[in-house]
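K.L.:
Pasting the sequence and the predicted coordinates here, then a few questions.
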Amino acid sequence: MIVGAGGHGREVLDIVEAVNAVRPAWRFLGFLDDGTPDADRLARRGAVHLGDTAMLRDLDADYVVGIGDGDTRRRVAEAAGDRAAAVLVHPLASCGADVELAPGVMVAAGARITTNVRIGRHTHVNCNALVSHDCRLGEFVTLSPGVLVNGTVTLDDGVLLGTGAIVTPGRTVGRGTWVGAGAVVVDDLPAGVVATGVPARVRRER
Ligand SMILES: CC(C)(COP(=O)(O)OP(=O)(O)OC[C@H]1O[C@@H](n2cnc3c(N)ncnc32)[C@H](O)[C@@H]1OP(=O)(O)O)[C@@H](O)C(=O)NCCC(=O)NCCS
């Protein structure tokens, strides 16, 4: 089951279906969502809304959190308790040697992860994102489409890189910091800020 039936959750279903097209691996039960998902959009996918996220503890099935916001992913994972989430890697993504993906990691189509990379729980690597050699990504990190994370970069827990952002080699981005779309990180960034621009500068506290 996928937690979150919005746009990102349905993209995660794409990954489940693409994996199954190569090798049947999952039987998709449906979505959990605390809101009112768009019934037409789910029907077009042949998917059902099983109920709210409180059901996560009771249903005996693998899960992934299909929610773009890292803080919300963290809350859902905490509500799930000790249960380990599934790892999803789109068949059109590539992972090199010596890559570790923790439970709940999602890697979308076109993403590239090279070598000696560690990625923490429930981190999402979206379409066409690059994570180069020797990087360390914490938990609940979000790499938006098209980001370029060069070698030996550290992204602490909860970091968001906006669409098309670039992190130059060896930089560290502190816990919970958001980097705006299109920004280029050339210096280390502290925890808990929003940074934008080229070069990326701290704009405000989060
Ligand atoms: C950086 C970001 C988090 C800022 O959000 P925010 O604090 O709500 O910012 P606002 O929209 O209120 O804009 C505040 C100012 O920052 C500027 N700004 C916003 N995003 C910017 C960006 N990416 N680069 C440069 N400037 C940006 C705005 O133009 C505005 O400037 P002004 O004060 O001179 O008018 C957001 O704009 C962003 O880039 N998010 C990433 C979204 C994304 O890629 N999501 C992926 C979905 S898959």
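P.N.:
Cool, got the structure. Residues are numbered from 1 along each chain as shown.
K.L.:
Tell me the secondary structure at Ala18.
P.N.:
Under DSSP: H, G, I helix; E, B strand; the rest coil, Ala18 falls in the helix class.
K.L.:
again with Val194
P.N.:
strand.
K.L.:
which residues sit in contact with it?
P.N.:
Contacts for Val194 (Cβ atoms under 8 Å, 6 or more residues apart in numbering) come out as Thr177, Trp178, Gly180, Val202, Arg203, Arg204, Glu205, Arg206. Quick note: C-beta positions are derived from backbone N, CA and C, even for glycine.
K.L.:
switch the cut-off to 6 Å
P.N.:
Residues near Val194 by Cβ atoms under 6 Å, 6 or more residues apart in numbering: Trp178, Arg203, Arg204, Arg206.
K.L.:
Could you check the pLDDT of it?
P.N.:
Per-residue pLDDT puts Val194 at 98.
K.L.:
Identify the bridge partners of it.
P.N.:
Trp178, Arg204 (DSSP bridges).
K.L.:
Quick check: buried residues in stretch 107-117?
P.N.:
Val107, Ala108, Ala109, Gly110, Ala111, Arg112, Ile113, Thr114, Asn116, Val117 (16 or more other Cβ atoms under 10 Å).
K.L.:
go on, stretch 169-188?
P.N.:
Using 16+ other Cβ under 10 Å as the test for burial, stretch 169-188 gives Arg171, Thr172, Val173, Gly174, Arg175, Gly176, Thr177, Trp178, Val179, Gly180, Ala183, Val185.
K.L.:
can you check stretch 189-206 too?
P.N.:
Neighbour count says stretch 189-206 has Leu189, Ala191, Val193, Val194, Ala195, Thr196, Ala200 buried, by 16+ other Cβ under 10 Å.
K.L.:
dump the residue contacts of Ala108.
P.N.:
In this structure, Ala108 makes contact with His90, Asn126, Cys127, judged by Cβ under 6 Å, 6+ apart.
K.L.:
Give me the distance between Ala102 and the ligand.
P.N.:
Separation of Ala102 from the ligand (Cβ to the nearest ligand atom, to the nearest Å): 21 Å.
K.L.:
Assign the closest residue in space to that residue that isn't next to it in sequence to helix, strand or coil.
P.N.:
Among residues not flanking Ala102 along the chain, Arg121 sits closest, at 4.4 Å (Cβ to Cβ, 6 or more residues apart in numbering). Using three-state DSSP, the structure places Arg121 in coil.
K.L.:
other SSEs contacting the helix or strand encompassing Leu42?
P.N.:
Leu42 belongs to helix 39-44 when assigned by DSSP states H and E. The criterion is 3 or more Cβ pairs under 6 Å, 6 or more residues apart in numbering; DSSP states H and E, and there are no helices or strands that helix 39-44 contacts.
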